[in-house]
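Chemist: Sequence and computational prediction follow.
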Amino acid sequence: MPHKVKIQEIGFITHDVLQIQTERPADYTFEPGQATEVALDKEGWRDKKRPFTFTGLPDDGFLQFTIKVYPDHNGVTDMLQTLEQGDHLLLEDVWGAISYQGPGIFLAGGAGVTPFIAIFRDLARKHQLEGNRLLFANKREKDIIMQAEFEKWLGKDFINILSDEQSSKYPHGFIDIQFLKEHITDKDAKFYLCGPPPMMKSVQQDLEEIGISKDQMVAEELS
């Protein structure tokens, strides 16, 4: 049976990223980096489940999701924008293979950064951010999720690259082999990957080409 939870707060944190805070069911636990399947408790939508990552911490007393919406898809994320405080979501059990396994390089594309939000939040609370670096690929600067928080947590170890916008602040392009060589200082570190499948595949191949083994990579799925 899914867990029915009431929305406590809902609002946009960027032009297309929604943050939702809900009640937390009793005995509902997760590790930073994990996710669940979410459905809207509305007629015609209860069986349309989508995976979303928890972006709050396990002992917050509430649940938080940070979700990129795609209005042109006419689907669940689009419908999420119509929800209000007091509406309900249906949550399935917790799942996910991404968890913190020691200092390393985090590689994210767009909304793929969401598993890393809870991980960095947890590390910040424990004063264990040192030795971690985030390489974050987006189309434009306005797409960077939680930019201020990541800057505060990671400082110079928060490194962005933009594919669709020329900026004096950030390099232009993709997380390719050249970019990786430039920003990987420790080849024995852990490498955490999350992003769109084509990006994941090319980044994994590039990492292997520069001598990083699959055993060092942490992701939902590796090809």
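Modeler: Done, it's in.
Chemist: hmm, what's the outermost residue in the chain?
Modeler: Centroid-distance maximum for the chain: Glu43 at 28.8 Å, with CA atoms, centre = their mean.
Chemist: can you pull the pLDDT of it?
Modeler: The per-residue pLDDT reported for Glu43 equals 94.
Chemist: in what helix or strand does it lie?
Modeler: Here Glu43 is covered by no helix or strand, with elements defined by DSSP states H and E.
Chemist: Can you give me the distance of Phe120 to Leu40?
Modeler: Per CB to CB, to the nearest Å, Phe120 is found 29 Å from Leu40. (Each C-beta comes from the backbone N, C-alpha and C, glycine too.)
Chemist: More neighbours: the two, which one.
Modeler: Set side by side, Phe120 and Leu40 show more neighbours around Phe120, with 23 against 20, by other CB atoms under 10 Å.
Chemist: Ile7: neighbouring residues, count only.
Modeler: Neighbour count of Ile7, defined by other CB under 10 Å: 18.
Chemist: Show the pLDDT at it.
Modeler: pLDDT at Ile7 comes out at 98.
Chemist: pretty sure it is touching Glu84, no?
Modeler: Yes. Counting by CB atoms under 8 Å, Glu84 is a contact partner of Ile7 at 7.2 Å.
Chemist: residue contacts, Asp122?
Modeler: By CB atoms under 8 Å, 6 or more residues apart in numbering, the residues touching Asp122 are 32, 57, 100.
Chemist: now the last one: how far from Gln81?
Modeler: Right, Tyr100. Noted for Tyr100: a distance of 31 Å to Gln81, by CB to CB.
Chemist: which residues of this structure score low on pLDDT?
Modeler: In the predicted model, the chain carries pLDDT under 70 at residues 73-74, 223.
Chemist: now with 90?
Modeler: Flagging of the chain using pLDDT under 90 yields the residue ranges 1, 27, 70-78, 97, 167-169, 185, 221-223.
Chemist: Spatially central residue in it, please.
Modeler: In the chain, the C-alpha nearest the mean C-alpha coordinate belongs to Thr114, at 1.3 Å (CA atoms, centre = their mean).
Chemist: thought that residue was touching Thr53?
Modeler: Yes. Using CB under 8 Å, Thr114 is in contact with Thr53, at 4.1 Å.
Chemist: joint contacts of the two?
Modeler: Thr66.
Chemist: pretty sure Leu154 is in a helix, no?
Modeler: Yes. Applying DSSP: H, G, I helix; E, B strand; the rest coil, one finds Leu154 inside a helix.
Chemist: returning to that earlier point: make JSON lines out of the contacts of Asp122 and add distance to Pro196.
Modeler: Formatted as JSON lines, the contacts of Asp122 follow (distance: CB to CB, whole Å):
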{"residue": "Pro32", "distance to Pro196": "22"}
{"residue": "Leu57", "distance to Pro196": "26"}
{"residue": "Tyr100", "distance to Pro196": "22"}
